[in-house]
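A.B. asks: curious how this folds, go ahead:
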Amino acid sequence: MKIIQWLISLFTKESKSMTEPVTTEQPAVATPTTEATAGVKDLAKAYEFIKSGISHLGEAAEGELLALAKKYL
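C.D. replies: Model prediction:
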């Protein structure tokens, strides 16, 4: 008898309506001005720095030169 009552209870429980609104939070988006100010101040100077660094150190140093340009220029 308990098994039958348990089975009945499984099917008689209230369920949430599928038409209830679902709220989701939108992720924060970085504005272009934030990204622009995070870069180098003088693009031409940074480009020349990286170009001359690659000619002296090779292509493998490009990532490090870019990081230095962002940090100091």
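
A.B. asks: residues contacting Leu66?
C.D. replies: Taking CB atoms under 8 Å, 6 or more residues apart in numbering as the contact definition, Leu66 lies against Ile50. For glycine as for every other residue, the C-beta is placed from the backbone atoms N, C-alpha and C.

A.B. asks: where's it relative to His56, distance?
C.D. replies: When distance is defined by CB to CB, to the nearest Å, Leu66 is 15 Å away from His56.

A.B. asks: regarding this protein, what is its longest helix?
C.D. replies: helix 43-57 (DSSP state H).

A.B. asks: that helix packs against which elements?
C.D. replies: For helix 43-57, the packing partners by 3 or more CB pairs under 8 Å, 6 or more residues apart in numbering; DSSP states H and E come out as helix 62-72.

A.B. asks: could you list the buried residues of the helix it packs on?
C.D. replies: Leu65, Ala69 (16 or more other CB atoms under 10 Å).

A.B. asks: now that helix: mean pLDDT?
C.D. replies: In this model, helix 62-72 has a mean pLDDT of 87.

A.B. asks: quick one: it to helix 43-57, angle?
C.D. replies: Per axes from the mean of the first three to the mean of the last three CA atoms, to 10 degrees, the angle that helix 62-72 makes with helix 43-57 is 140 degrees.
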